[in-house]
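Novice: no sequence on this one, just coordinates:
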């Protein structure tokens, strides 16, 4: 009777030995490295999911590449290199824009107050202007200004 090929393995795929204290046997009878299990359990959930997705994608690409001719493989490789370069360029442009936005100088009004970018004016100066307008109109109308 033949043994399973995995039964002959003495180390896990990350190089840890399958020793008595480092091996966990699942309910199905498979061996798992405790060090690797602890490492994967410590990873945040999105990273685990991303690793699984990457592994499945790599497996699908390998299967697809096995059926390709050399020219098709070279074309696919060039496309992936181009896609990676485009992604890097896009992130570089986004980073440059973010940096440029953070370096925008603060504009000041003639009295030295920072200008409000949403209202296109200085809040302090507009308050002064409104106070002076109220005084001027109350003097012209002959009405008394209410005291605060």
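Specialist: Arrived safely, thanks for sending. For clarity, every value in this text was computed on a predicted model and none was experimentally measured.

Novice: Would you mind measuring from residue 8 to residue 22?
Specialist: Noted for residue 8: a distance of 17 Å to residue 22, by Cβ to Cβ, to the nearest Å. In short, each C-beta sits where N, CA and C put it, glycine included.

Novice: out of the two, which sits in the more crowded spot?
Specialist: residue 22 (17 against 7; other Cβ atoms under 10 Å).

Novice: what about residue 67, distance to residue 48?
Specialist: Residue 67 is 30 Å from residue 48, by Cβ to Cβ.

Novice: Who has more neighbours out of those two?
Specialist: Counted by other Cβ under 10 Å, residue 67 and residue 48 do not tie: residue 48 has more neighbours, with 12 against 8.

Novice: In a helix, the more buried one, correct?
Specialist: Yes - Residue 48: assigned to a helix according to DSSP: H, G, I helix; E, B strand; the rest coil.

Novice: Leaving out chain neighbours, which residue sits closest to it?
Specialist: Of all residues not flanking residue 48 in the chain, residue 40 sits nearest, at 6.5 Å (Cβ to Cβ, 6 or more residues apart in numbering).

Novice: surely that neighbour meets residue 52?
Specialist: No - Residue 40 is not in contact with residue 52 according to Cβ atoms under 8 Å; the separation is 10.3 Å.

Novice: More neighbours: these two, which one.
Specialist: Using other Cβ under 10 Å as the criterion, residue 40 and residue 52 rank with residue 40 on top: 13 against 10.

Novice: Need the contact partners of stretch 13-31.
Specialist: 6, 9, 10, 11, 12, 32, 33, 34, 35, 36, 37 (Cβ atoms under 8 Å, 6 or more residues apart in numbering).

Novice: tell me which of these is nearest to residue 83?
Specialist: residue 36 (31.0 Å; Cβ to Cβ).

Novice: And the helices in the protein, which stretches?
Specialist: 34-42, 45-66, 70-102, 123-141 (DSSP state H).
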